[in-house]
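Colleague: sequence first, predicted coordinates after that:
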Amino acid sequence: MSWDDFAKHAKDAADWGASYHNTLRDRPVRAQTAPGDIAAQLDKTPPETGTDLAAIMADFDTIVMPGITHWQHPRFFAYFSANAAPASVLAEFLVSIIAPQCMLWQTSPAATEMETRMMDWLRHGLGLPDIYQGVIQDSASSATLAAVLTMRERALSFRGNIEGLRGQPQLRIYCSEQVHTSIDRAIWVTGIGQDNLVKVRTTGDLRHMDPLDLEAAIAEDKQAGRLPAGIIAATGATGMGACDDLEAVAAIAKEHDLYTHLDAAWAGTAMICPEFRPLWQGAAQFDSIVFNPHKWLGAQFDCAAHFLRDPDLLRQTLAIRPEYLRTHGATDVMDYSEWTVPLGRRFRALKLWFLMRHYGMEGLRTRIRNHVAWSQALCERLRAEGDFQIVTEPILSLWTFRHAGASDAQTQALVDAINDDGRIYLTQTLVDGQKVIRFTAGQFDCEQRDFDTAFDAITQIARRT
Ligand SMILES: *Cc1c(COP(=O)(O)O)cnc(C)c1O
């Protein structure tokens with residue numbers, strides 16, 4: 001393909017994109033295909049000769065699109081939204097054309113310097129103090145892995161990378177029972193082991209870690225000769241939005257000299273609105289904080305903002321400098337691959353620049369405020385109906401409910417029926433061992449009318465199943 005042909009096809013793809021988004025409300029949100037439907041239409045071996053792009057595009061429409069769950073659908077109320085605002089899509093398109101590698105300052109100075117500046121913009125947007133420096137990770141899972149590695153190395157005086165874990169003290173990490181599976185995975189991958197992740201009981205409306213239980217667990221471990229290394233807290237955990245008491249966690253960490261990491265992957269975005277910041281009161285005392293602009297803020301996946309009080313701890317944990325990665329003749333430059341597990345790095349800052357400049361922080365705040373207000377209004381409407389039970393109250397735009405009197409099996413059947421209907425998409429979770437339906441709003445283009453449709457779909461389908 002010549003680059004002139006590329007330009008023609010790219011224009012077609014842009015037209016396709018506009019029409020796709022303009023007609024999204026006419027499609028069922030969740031793919032309605034059965035397992036294997038799509039694979040059956042794909043050849044088992046690659047073609048020996050090339051095919052015209054027009055034919056490939058046509059197959060894309062007929063084979064691929066029916067098997068897509070529409071994450072950009074305005075009535076996507078499942079999981080957490082993974083937005084791709086059009087301004088950020090354009091930036092990603094440009095990045096995919098330039099395709100630079102951004103591991104060192106010299107491998108793309110603009111990418112490095114913009115990354116520093118965009119992390120400053122985000123920090124400012126969240127109201128965090130300017131002591132924090134930042135790096136863009138591919139995902140919150142990677143930021144949490146980097147944090148747990150840092151906890152491990154800091155506790156072992158940086159001997160773990162060299163000597164391995166054999167013969168070292170038994171490390172212990174603490175978190176709440178509400179945390180995301182990315183924390184369990186980080187514990188596995190760092191060799192600390194699941195048995196050494198202490199999940200502390202939660203309490204109260206926000207399901208925060210009980211500080212007394214946390215203290216007691218640390219004291220017991222010390223008594224037994226184990227080595228506490230860090231605490232991972234959550235603001236807006238995935239299931240029902242649990243928020244830890246960050247002031248209490250930070251105080252306990254300080255007393256025991258533990259490294260603290262805050263997972264605010266979803267809820268962090270809401271902190272651009274000052275009125276929501278009480279939910280993470282104390283965040284500014286944490287050693288590291290991660291949130292995903294690729295969820296609620298509008299930056300295309302992947303983009304996880306990782307803030308650090310002392311990046312040297314992370315660099316001491318991860319930096320390797322063989323000769324071929326040395327930058328000669330430029331001092332005082334940032335080599336972000338020393339802050340991340342992967343060496344190769346995409347130019348992720350550009351989409352943040354496009355996003356924040358195009359919408360402005362005020363434009364982004366308005367969206368978050370609308371989502372929270374519309375979601376909470378829907379919760380009240382359902383409560384007022386009388387035959388629905390709100391199981392956990394809204395935390396930002398996330399709440400859980402069930403049709404009163406339904407068994408777990410009936411609740412699951414209702415979720416499935418709603419998703420088969422296609423007007424909206426919801427998921428289930430467990431609260432205190434009971435199956436509940438989870439509602440969360442955050443799609444970039446959703447409007448009030450989409451919540452009216454959600455009300456209609458939920459009430460109609462619940463009453464007929
Ligand atoms: C989504 C989510 C994660 C995982 O984020 P990735 O970027 O997909 O790794 C971690 N923690 C919480 C609370 C989340 O909501």
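Modeller: In hand now; what should we look at? Since this is a predicted model, take the numbers as computed values, not measurements. Numbering: from 1, shown residues only.
Colleague: contacts for stretch 193-212, please.
Modeller: For stretch 193-212, the external contacting residues (CB atoms under 8 Å, 6 or more residues apart in numbering) are 170-179, 183-184, 187-188, 213-214, 217, 221, 226, 233, 237, 240, 242-245, 248-249, 252, 279, 393, 395. (C-beta placed from N, C-alpha, C; glycine too.)
Colleague: what about those, which are in helices?
Modeller: Judged by DSSP state H, the contacts of stretch 193-212 include I183, D184, I187, W188, D213, L214, A217, D221, A248, V249, I252 as members of helices.
Colleague: residues touching the fifth one, list them.
Modeller: What that stands for is D213. Per CB under 8 Å, 6+ apart, neighbours of D213: V200, R201.
Colleague: and it, how far is that from E275?
Modeller: Using CB to CB, to the nearest Å, D213 is found at 30 Å from E275.
Colleague: before we move on, back to that, how about the ones in helices among the contacts of stretch 193-212 in CSV, adding distance to R367?
Modeller: Output for the ones in helices among the contacts of stretch 193-212, formatted as CSV (distance: CB to CB, whole Å):
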residue, distance to R367
I183, 29
D184, 32
I187, 35
W188, 36
D213, 38
L214, 35
A217, 40
D221, 44
A248, 32
V249, 30
I252, 36
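Colleague: keeping just the C-alphas, turn stretch 79-89 into CSV.
Modeller: Provided in CSV are the C-alpha atoms of stretch 79-89 (Å, rounded to 0.1, in the frame of the first residue of the first chain):
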residue,chain,number,x,y,z
TYR,A,79,-17.7,-2.9,34.6
PHE,A,80,-16.1,0.6,34.4
SER,A,81,-16.2,2.7,31.3
ALA,A,82,-13.1,2.7,29.1
ASN,A,83,-13.6,5.9,27.2
ALA,A,84,-12.1,7.0,24.0
ALA,A,85,-13.1,10.7,23.5
PRO,A,86,-12.8,11.7,19.8
ALA,A,87,-10.0,14.2,20.6
SER,A,88,-7.9,11.4,22.2
VAL,A,89,-8.7,9.0,19.3
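Colleague: neighbouring contacts of that stretch?
Modeller: For stretch 79-89, contacts defined as CB under 8 Å, 6+ apart pick out 17, 21, 71-72, 92, 238, 265-266, 294-301, 351-352, 354-355, 357-359, 427, 440-444.
Colleague: same question, stretch 362-370
Modeller: With CB under 8 Å, 6+ apart as the contact definition, stretch 362-370 has outside contacts at 269-270, 272-273, 276, 296-298, 355-356, 359, 442, 444, 448.
Colleague: try 10 Å
Modeller: By CB atoms under 10 Å, 6 or more residues apart in numbering, the residues outside stretch 362-370 that reach it are 83, 85, 125, 269-276, 293, 296-298, 355-356, 358-360, 396-397, 441-448.
Colleague: how about the residues of the stretch 251-400 of the chain that lie near the ligand?
Modeller: Along the stretch 251-400 of the chain, the residues adjacent to the ligand under the rule CB under 6 Å from any ligand atom are D263, A265, W266, N292, A304.
Colleague: farthest pair in those residues?
Modeller: Spanning the widest gap among those are W266 and A304, at 11.4 Å by CB to CB.
Colleague: quick one: common contacting residues for the two?
Modeller: Shared contacts of W266 and A304, defined by CB under 10 Å, 6+ apart, comprise A140, F291, N292, K295.
Colleague: out of those residues, who has the most neighbours?
Modeller: In terms of neighbours by other CB atoms under 10 Å, the shared contacts of W266 and A304 top out with F291 at 29 neighbours.
Colleague: quick one: it and A234 touch, right?
Modeller: No - the criterion here is CB atoms under 10 Å, and F291 misses it with A234 at 11.3 Å.
Colleague: overlap in contacts of the two?
Modeller: Common neighbours of F291 and A234 are listed as L262, D263, A264, A265, W266, A267, W280 (criterion: CB under 10 Å, 6+ apart).
Colleague: what's the closest non-adjacent residue to the fourth one?
Modeller: It stands for A265. Leaving aside its chain neighbours, A265 sits nearest to A140 (3.9 Å; criterion: CB to CB, 6 or more residues apart in numbering).
Colleague: and for the third one?
Modeller: Counting by CB to CB, 6+ apart, T235 is the residue found nearest to A264 once chain neighbours are left out, at 4.1 Å.
Colleague: just give me the neighbour total for the closest residue to the ligand within the stretch 301-450 of the chain.
Modeller: At 5.2 Å from the ligand, A304 is the closest residue in the stretch 301-450 of the chain, using CB to the nearest ligand atom. As a burial measure, A304 scores 25 neighbours (other CB under 10 Å).
Colleague: quick one, strands of the protein?
Modeller: Taking DSSP state E as the criterion, the chain carries its strands at 133-137, 171-176, 197-200, 202-203, 208-209, 227-234, 259-263, 288-291, 304-308, 388-395, 398-403, 427-431, 434-440.
Colleague: so which bits of the stretch 1-150 of the chain are right by the ligand?
Modeller: Going by CB under 6 Å from any ligand atom, the residues of the stretch 1-150 of the chain near the ligand are F80, S139, A140, S141.
Colleague: hmm, back to that, quick one: which of the shared contacts of W266 and A304 is nearest the ligand?
Modeller: Set against the ligand, the nearest of the shared contacts of W266 and A304 by CB to the nearest ligand atom is A140 (3.5 Å).
Colleague: residues in contact with that closest one?
Modeller: Shown in contact with A140 (CB under 10 Å, 6+ apart): 180, 182-183, 263-266, 268, 290-292, 294-295, 302, 304-306.
Colleague: swap in 6 Å and give it another go.
Modeller: Residues near A140 by CB atoms under 6 Å, 6 or more residues apart in numbering: A265, V290, N292, A304.
Colleague: turn these into a markdown table, including distance to E113.
Modeller: What follows is these, written out as a markdown table (distance: CB to CB, whole Å):
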| residue | distance to E113 |
| --- | --- |
| A265 | 26 |
| V290 | 22 |
| N292 | 23 |
| A304 | 20 |
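Colleague: now pLDDT and distance to P28 too, for the residues you listed, in JSON lines please.
Modeller: Shown next, in JSON lines, are these (pLDDT from 0 to 100; distance: CB to CB, whole Å):
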{"residue": "A265", "pLDDT": "97", "distance to P28": "27"}
{"residue": "V290", "pLDDT": "98", "distance to P28": "33"}
{"residue": "N292", "pLDDT": "98", "distance to P28": "26"}
{"residue": "A304", "pLDDT": "98", "distance to P28": "30"}
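Colleague: how near is the residue nearest to D335 when sequence neighbours are not counted to the ligand?
Modeller: Among residues not flanking D335 along the chain, L104 sits closest, at 4.6 Å (CB to CB, 6+ apart). Distance, L104 to the ligand, by CB to the nearest ligand atom, to the nearest Å: 24 Å.
Colleague: A147 too?
Modeller: Going from A147 to the ligand by CB to the nearest ligand atom gives 12 Å.
Colleague: now that residue, nearest residue through space, not along the chain?
Modeller: Once flanking residues are discounted, A147 sits nearest to H261: 3.8 Å by CB to CB, 6+ apart.
Colleague: what's opposite the one you found in the beta bridge?
Modeller: For H261, the beta-bridge partners under DSSP bridges are I232, S288.
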